[in-house]
Each structure stands twice: as C-alpha cells, then as structure tokens.
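A.B. asks: got a predicted model here, sequence first, then my questions.
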Amino acid sequence: MEHVCDWLSNFKLDAFLNAHVAAVLAALPDEVREALIADPAFRLSDYEGIRGEAFLVPFASPAVGKPARSVVLKRTLKARSAELVRYVIAHELAHAHLNNRGRFPDEDPETAADALATDWGFPKPLAIQR
C-alpha cells in the first residue's frame, strides 16, 4: 500500500479524494492496479467546478501504440456518501483500465465500467440506479 500512496502523491489530489482513491486502488486486482501505476501516460486530477470557468484536463503524451489515460474527479464528491464516492472512483478507473471501451466488441463502455466497478467491490449505489 505504501507504493500506492507514494504514487498518488504525484497527483496532488484533495486530501479527501486522495484517501478514497487510495482505498479503491487497494481493492483493485493486482494486475489492474499495477498497470495503472506503471503507465507513465496515466494522469489523475481533481477540480473545483466553478461556473463560467474552464478546467484543462491534464494528460501526457501516450506511449507508442497506447492511448493516454486521464481520470478527473470533481471535488463536489466531498458532499456525497463514501459509497458513492468510491463507486465513482472505481467506475472512472475502470474506464481508464478499458481505455474507454467495452470489455468485448459492441459492449457499451458505461455498462463495462459499471460491471468492473461492481466486480471490484464498488457497485452502483441503489439510490442512483435506474
């Protein structure tokens, strides 16, 4: 877990979000977590949404033949339940893991990200399921 915390310190996340991201990363399958940590083109950031202001998403140059991956979290998550915060983080990390695709051809990326988040122990909270 220490190397996860060291790696997360590179992203300068809000302390509240950093703690939740660390908890989600700890629960991921080893190969998924290590692939994200080893990817020099992966970026993780947060922002405070301010009406009328733009936010530039940080990204790195992708490795040859591999897309760059970036996850951005809104600090408004601080007002949400821990269950929802961790689901959102797992869902967004699933998108990064899948390179914003499905797990197989013709699978909707949103469905795939929800399924992986659930498999990783972070199901969509009942309050937001449709």
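C.D. replies: Thanks, I have the structure now. Numbers count the residues shown, from 1 in each chain.

A.B. asks: what about the nearest residue to Arg43 once chain neighbours are set aside, which SS state?
C.D. replies: In space, and not counting its chain neighbours, Arg43 is closest to Ser70: 4.3 Å by CB to CB, 6 or more residues apart in numbering. In short, each C-beta sits where N, CA and C put it, glycine included. Under DSSP: H, G, I helix; E, B strand; the rest coil, Ser70 falls in the strand class.

A.B. asks: quick check: Ser70 touching Phe42?
C.D. replies: Yes - in this structure Ser70 lies within contact range of Phe42 using CB atoms under 8 Å: 7.4 Å.

A.B. asks: any common contacting residues for those two?
C.D. replies: Common contacts of Ser70 and Phe42 (CB atoms under 8 Å, 6 or more residues apart in numbering): Ala96.

A.B. asks: for Leu17, see how far away Val88 is.
C.D. replies: 10 Å (CB to CB, to the nearest Å).

A.B. asks: to clarify, my last question referred to Cys5.
C.D. replies: Noted for Cys5: a distance of 14 Å to Leu17, by CB to CB.
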